[in-house]
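Asks: here you go, sequence then predicted model.
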Amino acid sequence: MTAALTYPPRTLGPEQEAMRAEVRAFLQKDYADGGFGRGQEAMARYDVEFSRRWGQAGFIGITWPKKYGGRGLTFLDRYVVTEEALAAGAPVGAHWVADRQSGPLLLKYGTEEQRQRFLPRIVAGEAFFCIGMSEPDSGSDLASVRMSATRTDGGWLLNGTKLWTSLAHICHYMIALVRTSPVNPENRHEGMSQMIVDLNAPGVEVRPVYNLAGEHHFNQEVFTDYFLPDENVVGEIGAGWEQVMSELAYERSGPERILSTFQTLVELVRQVGDNPSEVEARAIGRLTAHLMTLRGMSVSVAGMLADGKMPVTEAALVKDLGTNYCKDVPETARLICPPEDGAGGNSRYEKMLKTATLLAPSLTIQGGTREILRGMIARGLGLR
Ligand SMILES: Cc1cc2nc3c(=O)[nH]c(=O)nc-3n(C[C@H](O)[C@H](O)[C@H](O)COP(=O)(O)OP(=O)(O)OC[C@H]3O[C@@H](n4cnc5c(N)ncnc54)[C@H](O)[C@@H]3O)c2cc1C
């Protein structure tokens, strides 16, 4: 039997509009003071000092309890904060993962000691986290991770390699998914655990990996007899798979999945000017209508999170449609308003188009590939 996916409409209320005004005022002032430069794929761009100011202004961990430095607000408030930051093209990469998923993971599965040790520093923009899931031979098939953690006095010895880790070179910690017992062929999801790795401790080497644009975004981390103390184990030993899966609704549905190339759309509208041709007006109208529909779905998922639900399938569909939309933006822009020198010149529009074109292929891979998401959606719909 098939089940329908529903996205109950959610309206952002006066509290969220007040929050929007607060965030906009901060961003306008910070930008005017020369605090940051605007760009695309804001969650991949980082500025450690910007993250500190963002944290000190109270915009990190806003859904977390006040006793850890949060503001005890809802996921709808968080939606507005992240949407404004991304729409402004602010460099939010340094604190992004800690705010979006490491902090919530510690709130759900961490010990009280871990929460007190890490959450106030995350909120202050002083502790940055990265995601240590993928390995050289484990991406889509995450259950095949091989990095091992073996028992030793007072903790665990980690050996193996993580790969494609976004911004590990500027992060203080990684939440690593490791094998704490050998693969059980009857149930490959057993025997995995999550651990907080201090990336500045001995036994781990962080090596750069350059992306298509020639930028240092990813890393490879090689672990050799890295000692991890017991107090850095997150949740239960052996329950890593369930814990990792619960992170995915946070990871897949946010405004970052629909706004990665938004600056190209903004510059396209500027480039076309006040008197667009019919073709230009139609194309921009279509892109804008798609964006507003996706935004409605994404806000709806934030509402479900605010209600304490775990809308994993709904989030997967937002990511699939949203990242395909983000690819459409530069493709449409190139067709209706080609750059003058073909390869991308120096105007702001051309620069945005060039970076959007280079980053677009990665959007449907990171956080779960298109094919994997479609398999999940089919399962959620009862079709497989
Ligand atoms: C920009 C970016 C940032 C990233 N950041 C991080 C990070 O911070 N931390 C981290 O851990 N990882 C990160 N990743 C890695 C990302 O999660 C993996 O690249 C992704 O899960 C795919 O794994 P893979 O590269 O091993 O490809 P594979 O899993 O080998 O897939 C190759 C191709 O086969 C297809 N395929 C695989 N299995 C199936 C199947 N069962 N059915 C149909 N098709 C299938 C895939 O869709 C894909 O097209 C990042 C990736 C990118 C691009």
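Replies: On my side now, so go ahead.

Asks: now the residue nearest the centre of the chain, what's its secondary structure?
Replies: In the chain, the residue lying closest to the centroid (C-alpha atoms, centre = their mean) is residue 251, at 5.4 Å. Under DSSP: H, G, I helix; E, B strand; the rest coil, residue 251 falls in the helix class.

Asks: next one: residue 98
Replies: helix.

Asks: the longest strand in this structure is where?
Replies: In the chain, taking DSSP state E as the definition, the longest strand is strand 216-229.

Asks: hang on, the earlier thing: measure the residue nearest to the centre of the chain to the ligand for me?
Replies: Noted for residue 251: a distance of 10 Å to the ligand, by C-beta to the nearest ligand atom, to the nearest Å. (Each C-beta comes from the backbone N, C-alpha and C, glycine too.)

Asks: check residue 150 too.
Replies: 21 Å.

Asks: element containing that residue?
Replies: Assigned by DSSP states H and E, residue 150 belongs to strand 148-152.

Asks: other residues contacting that strand?
Replies: Contact with strand 148-152 is made by 156-160, 178-180, 193, 195, 227-228, as judged by C-beta atoms under 8 Å, 6 or more residues apart in numbering.

Asks: for residue 175, see how far away the residue nearest to the centre of the chain is.
Replies: 12 Å (C-beta to C-beta, to the nearest Å).

Asks: still on that earlier bit, continuing past the strand holding residue 150, what's the next helix or strand?
Replies: Going down the chain from strand 148-152, the next helix or strand is strand 155-163, by DSSP H and E.

Asks: what about that following strand, near the ligand?
Replies: No. With C-beta under 6 Å from any ligand atom as the criterion, the ligand is not reached by strand 155-163; the gap is at least 6.5 Å.

Asks: partner strands of that strand, parallel or antiparallel?
Replies: Its sheet considered, strand 155-163 pairs with strand 148-152 (antiparallel), strand 216-229 (antiparallel) by DSSP bridges.

Asks: run the chain-centre distance for the very next helix or strand once past it.
Replies: Next along the chain after strand 155-163, taking DSSP H and E as the criterion, comes strand 173-179. Here strand 173-179 is found 17 Å from its chain centre; the criterion is C-alpha atoms, centre = their mean, to the nearest Å.

Asks: same question for strand 173-179, mean pLDDT?
Replies: Computed over strand 173-179, the mean pLDDT rounds to 98.

Asks: any stretches of this structure with poor pLDDT?
Replies: Where the chain drops to pLDDT under 70, the residues are 1-2, 249, 341-345.

Asks: tell me where it has strands.
Replies: Remark: strands assigned in the chain by DSSP E are 129-132, 148-152, 155-163, 173-179, 192-198, 204-210, 216-229, 233-234.

Asks: identify the residues contacting the shortest one?
Replies: Defining contact as C-beta under 8 Å, 6+ apart, one finds that strand 233-234 is touched by 105-106, 109-110, 114, 156, 175, 193-196, 243.

Asks: residue 239 is nearest to which of the strands paired with strand 155-163?
Replies: Between residue 239 and those, the shortest separation by C-beta to C-beta is 13.6 Å, and it involves strand 148-152.

Asks: returning to what we had before: buried ones in the longest strand of the chain?
Replies: Neighbour counts over strand 216-229 (16 or more other C-beta atoms under 10 Å) mark 217-221, 223, 226, 228 as buried.

Asks: any idea how far that strand is from the chain center?
Replies: For strand 216-229, the distance to the chain centre is 20 Å (C-alpha atoms, centre = their mean).
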